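Participant: got a structure for you, letters missing:
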């Protein structure tokens, strides 16, 4: 078994490392201190093709392997774990379930803008009485005719403050 990176994986590592050091590093401390989200950095990560890296091109992805994705997350984390978490959560918790379980219509509608960073996925798990224990959550979604009624309360919504 060959454990060396391919030429493409080396290029991804170098590209993401350069981006992280040149674009993210100069802003990371200020963003942390202000607890701010950078739309500009997120947009640029989308332009680099970091969102939807493992998805087929048909849905706006790059068609890359999982190791390439992990390399990208690792290179971002070297500089700023917040940006790495944005990338990891968006790809795994956001894009992943739509790709794995969505209808073809949903995939074609939602995945392309999620892969470019034009749209950003949000995740609401944490509840006041359950924390992040998914089995203890009480929020329910019930179908009422043609509409869904959602009852419950969430806190700490991942990417919830972003309006993209």
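Facilitator: Perfect, I can see it now. No experiment lies behind these values; they were computed from the predicted model shown.
Participant: C-alpha from now on. contacts and neighbour counts both.
Facilitator: Fine.
Participant: quick one: contacts for residue 133?
Facilitator: For residue 133, the contact set (C-alpha atoms under 8 Å, 6 or more residues apart in numbering) comprises residue 126.
Participant: So what does it look like in phi/psi?
Facilitator: Phi and psi for residue 133, reported as degrees, to the nearest 10, are phi -80, psi 100.
Participant: what's the distance between it and residue 125?
Facilitator: Look at residue 133 and residue 125: by C-alpha to C-alpha, to the nearest Å, they are 8 Å apart.
Participant: before we move on, what about residue 141?
Facilitator: 13 Å.
Participant: Those two: who's more crowded?
Facilitator: Legend: neighbour count by other C-alpha atoms under 10 Å for residue 141 and residue 125, higher for residue 125 (18 against 12).
Participant: The more buried one should be in a strand, yeah?
Facilitator: No. Assigned with DSSP: H, G, I helix; E, B strand; the rest coil, residue 125 falls outside any strand and is coil.
Participant: show me where this structure has strands.
Facilitator: Under the criterion DSSP state E, the chain contains strands at 140-144, 147-151.
Participant: Of all these, which one comes closest to residue 35?
Facilitator: When those are compared by C-alpha to C-alpha, strand 147-151 sits nearest residue 35, at 29.0 Å.
Participant: The closest one to strand 140-144, inter-axis angle?
Facilitator: Between the axes of strand 147-151 and strand 140-144, defined by axes from the mean of the first three to the mean of the last three C-alpha atoms, to 10 degrees, the angle is 150 degrees.
Participant: For residue 5, grab phi and psi.
Facilitator: phi -70, psi 150.
Participant: how about JSON lines for the strands of the chain, with distance to residue 73 and mean pLDDT added?
Facilitator: Output for the strands of the chain, formatted as JSON lines (distance: least, C-alpha to C-alpha, whole Å; pLDDT from 0 to 100):
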{"stretch": "strand 140-144", "distance to residue 73": "33", "mean pLDDT": "91"}
{"stretch": "strand 147-151", "distance to residue 73": "33", "mean pLDDT": "91"}
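Participant: nearest to residue 36, of those?
Facilitator: Closest among these, using C-alpha to C-alpha: strand 147-151, at 28.7 Å.
Participant: Am I right that residue 137 is in contact with residue 127?
Facilitator: Yes. The criterion here is C-alpha atoms under 8 Å, and residue 137 meets it with residue 127 at 6.4 Å.
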